[in-house]
Each structure stands twice: as structure tokens, then as C-alpha cells.
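Asker: Just need the structure, nothing else, for what follows:
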Amino acid sequence: MRPPGAYLRTAPSADLEEVRPAVPTWLIAVRAAESKKASDIKVLDLTGITSFADYFVICTGANQRQIQAVADEIGIQLKQQAHELPLSLEGYNQAEWVLADYGDLLVHIFSPKAREYYDLERLWRSAKTVEIPAA
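Answerer: Model (predicted):
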């Protein structure tokens, strides 16, 4: 029995997981796209420019299968690492332009032809381009 006024003290457990800064969801999406060999990956910072999203991740897949593979991998990694599921996913079956809406993050995966046609970088030219850190 503890004497009155004595407090139980516990030493920090060695098996507690180290606290790490959270990886931004846009970076998780970028790494997933890179793992499936997406090309011309860009991240636009839209904070203060629009209210519907903070970041766009824009990338290109060479063909329908690669575009779907990139979309699948981004979905898997955001679910596993950030516990995020898309609010909506559009264009997956046609795979010319897949749009995955994660709330503050919108992921655009284009075919080369659709990327050139829609030219989101020009449309959102007032957005800051985010530097993607080396892997």
C-alpha cells in the first residue's frame, strides 16, 4: 500500500512508438504515383486560392492500365498511411482523367492527351508549385 501523498510514477516504455511528424497526404500520393512510374508529377498549393481543396497532385500515366494502377496505389497508400478514403473517384473506368477527391487533396491522373488538353497548371497558374523532396 502506498503512503498518503505518494504518487505512482512510471518510466517511459522503451517499446512506445517514436512520435514522428505526420507525412502530408500529398506526399503520400506523390510517392505512390512514383512507385507506379507516373510521369510529370506536380503538386499545386491552392491554400488561400480556393475553398474546395488545399492541394492538387497532378500526374500522367502512359496508358489506361497504368493510370488505373496509379489510382489504385494512391488509394491503397492513403488508406494505409493516412487512414484516408476518397470522398469520390471519377473517370476510373475510362482512365483518360481519373479524379480522386480526398477533401483537402485532389488527385488528377491524366492520359498524355487529356493532360495537354485540360492543362490544369495553366488554369491554376496562380497556385504555388510545391517542391517535391527527393525520395
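
Asker: When you work out contacts or count neighbours from here on, use the C-alpha atoms and nothing else.
Answerer: Noted.

Asker: Now name the helix or strand holding Ile67.
Answerer: In the assignment (DSSP states H and E), Ile67 maps to helix 64-82.

Asker: who does that helix touch, helix- and strand-wise?
Answerer: Judged by 3 or more Cα pairs under 8 Å, 6 or more residues apart in numbering; DSSP states H and E, the packing partners of helix 64-82 are helix 25-35, strand 97-101, strand 105-110.

Asker: Quick check: buried residues in the next helix or strand after the last one?
Answerer: When you say that, I think you mean strand 105-110. Next along the chain after strand 105-110, taking DSSP H and E as the criterion, comes helix 112-118. Neighbour-count burial for helix 112-118 flags Pro112, Arg115 (criterion: 16 or more other Cα atoms under 10 Å).

Asker: Give me the contact list for helix 112-118.
Answerer: Helix 112-118 is contacted by residues Thr60, Gly61, Ala62, Glu96, Trp97 when judged by Cα atoms under 8 Å, 6 or more residues apart in numbering.

Asker: Filter the residues you listed down to the buried ones, ChimeraX style.
Answerer: Restricted to buried positions by 16+ other Cα under 10 Å, the ChimeraX selection for the contacts of helix 112-118 reads:
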select :60,61,96,97
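
Asker: May I see the contacts of helix 112-118 arranged in TSV, with distance to Ala22 and pLDDT as well?
Answerer: Converted to TSV, those look like this (distance: Cα to Cα, whole Å; pLDDT from 0 to 100):
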residue	distance to Ala22	pLDDT
Thr60	26	98
Gly61	28	98
Ala62	31	98
Glu96	32	98
Trp97	29	98
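
Asker: Thank you, goodbye.
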